[in-house]
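> below are the sequence and a predicted model; questions follow.
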Amino acid sequence: MAREFLESFGGRVFALPMTIREPDQVEDFVAKTNQEFGAIDVLVNNAGGQFPQAALDFSPKGWNAVIDTNLNGTWWMMQSAARHWVANKQSGSIVNIVADIWRGMPGIAHTCAARAGVIYLSKSVAVEWAPHDIRVNCVAPGCCESNGFGNYPPEGSATFQDSNPMRHAGDEWDVAEGVVYMAANSGKFVTGEVLNIDGGQQLWGDPWPTGRPDYFRIS
Ligand SMILES: CCC/C=C/C(=O)SCCNC(=O)CCNC(=O)[C@H](O)C(C)(C)COP(=O)([O-])OP(=O)([O-])OC[C@H]1O[C@@H](n2cnc3c(N)ncnc32)[C@H](O)[C@@H]1OP(=O)([O-])[O-]
Ligand SMILES: NC(=O)C1=CN([C@@H]2O[C@H](COP(=O)(O)OP(=O)(O)OC[C@H]3O[C@@H](n4cnc5c(N)ncnc54)[C@H](OP(=O)(O)O)[C@@H]3O)[C@@H](O)[C@H]2O)C=CC1
């Protein structure tokens with residue numbers, strides 16, 4: 001479906017089912033993409049997700065699944081792309097999709113931990129990889145309406161509309177346009193940065209992916 005959508009814009013699309021959680025599959029995907037196009041200009045690490053749950057209830061398997069997807073998987077993609085750029089003496093640009101972590105993320109604490117890890121990993125390698133002309137940035141969406149909202153109970157997703165001072169959710173284009181700014185030549189003097197696209201959520205708002213607990217209801 002994604003492939004057909006992208007092809008409708010007239011571009012050439014290469015798609016390969018894989019999981020970012022397996023370093024071997026990541027390396028295969030990056031190598032084949034390089035072969036297909038001759039080079040990779042931009043890596044956007046958009047794959048990710050989590051499930052809503054009180055942190056006290058996290059099982060080892062659930063915790064590991066979220067850390068493996070959002071922190072480890074993102075890292076395997078970053079490292080693999082960067083190794084190819086360095087080996088081929090090519091410049092590159094990475095944009096990691098993270099989240100609005102700045103006031104914590106109660107109800108999805110595992111993903112908050114993983115995304116915080118990605119942000120500081122990105123800042124670190126933005127410096128390490130600058131001599132190779134590789135930029136590394138993050139985009140942090142607030143609550144932006146997507147198919148992903150369907151992973152939350154109605155009492156959880158209802159709070160997403162009240163997650164920022166604009167008092168409505170953003171959309172996928174809000175995020176996409178920020179990614180293009182960071183990835184393209186428009187962002188050529190930007191590295192190690194996080195662009196928040198959140199309607200002001202880092203300042204005010206009350207998202208509760210599990211539904212707002214009674215304790216936090218102010219009458
Ligand atoms: C403010 C918020 C706004 C944000 C919006 C968005 O992000 S929109 C983007 C929204 N998009 C998304 O969020 C995408 C959502 N999905 C995903 O990304 C993946 O399914 C995953 C990473 C959550 C799990 O990876 P996987 O499927 O490969 O699974 P696996 O086999 O590796 O481990 C499975 C283990 O994880 C646990 N566990 C899993 N689900 C639940 C649950 N509902 N309940 C409880 N626990 C759950 C459970 O322990 C399970 O083990 P079990 O009990 O089965 O033995
Ligand atoms: N929407 C929002 O409000 C927010 C979203 N985000 C993040 O933005 C990104 C996009 O989310 P969104 O479009 O909303 O949600 P979706 O659930 O629609 O998209 C998540 C995508 O990640 C892919 N994916 C998940 N796990 C893996 C994996 N192990 N390997 C490869 N691909 C994987 C999924 O592929 P498949 O469909 O094949 O499983 C899916 O295409 C995610 O990282 C999300 O957490 C962050 C903050 C807020």
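Sure, I can see it. Ligands and ions are numbered 1, 2, ... in the order given.
> leaving out chain neighbours, which residue sits closest to the residue most central in space within the chain?
In the chain, the centroid-proximal residue (Cα atoms, centre = their mean) is residue 97; its distance is 2.1 Å. Nearest residue to residue 97 in three dimensions, chain neighbours excluded: residue 46, at 4.9 Å (Cβ to Cβ, 6 or more residues apart in numbering). No exception for glycine: its C-beta is placed from N, CA and C like everyone else's.
> mind checking the SS state of residue 71?
Here residue 71 is recorded as helix under DSSP: H, G, I helix; E, B strand; the rest coil.
> what's around it, how many residues?
For residue 71, the count of nearby residues is 19 (other Cβ atoms under 10 Å).
> same thing with residue 174?
17.
> where does it land on pLDDT?
Looking at residue 174, its pLDDT stands at 98.
> next up, the contacts around residue 179.
44, 95, 97, 139 (Cβ atoms under 8 Å, 6 or more residues apart in numbering).
> beta-bridge partners for the second one, please?
Taking DSSP bridges as the rule, residue 95 bridges to residue 44, residue 137.
> same for whichever helix in the chain runs longest, what does it pack against?
For the chain, the longest helix by residue count, based on DSSP state H, is helix 109-128. Packing partners of helix 109-128 (3 or more Cβ pairs under 8 Å, 6 or more residues apart in numbering; DSSP states H and E): helix 60-67, helix 74-87, strand 92-97, strand 134-141.
> among the ones you listed, which comes closest to residue 115?
Closest to residue 115 of the helices and strands packed on helix 109-128 is strand 134-141 (Cβ to Cβ; 7.7 Å).
> picking up where we left off before, pretty sure the residue nearest to the centre of the chain is touching residue 70, no?
No. Using Cβ atoms under 8 Å, residue 97 is not in contact with residue 70, being 9.5 Å away.
> intersection of neighbour lists for those two?
With Cβ under 8 Å, 6+ apart, residue 97 and residue 70 have common neighbours residue 48.
> just give the closest residue to the closest residue to ligand 2 within the chain, not the sequence neighbours.
Nearest to ligand 2, among the residues of the chain, is residue 48, at 2.5 Å (Cβ to the nearest ligand atom). In this structure, residue 48 finds its nearest non-sequential neighbour in residue 70, 4.7 Å apart by Cβ to Cβ, 6+ apart.
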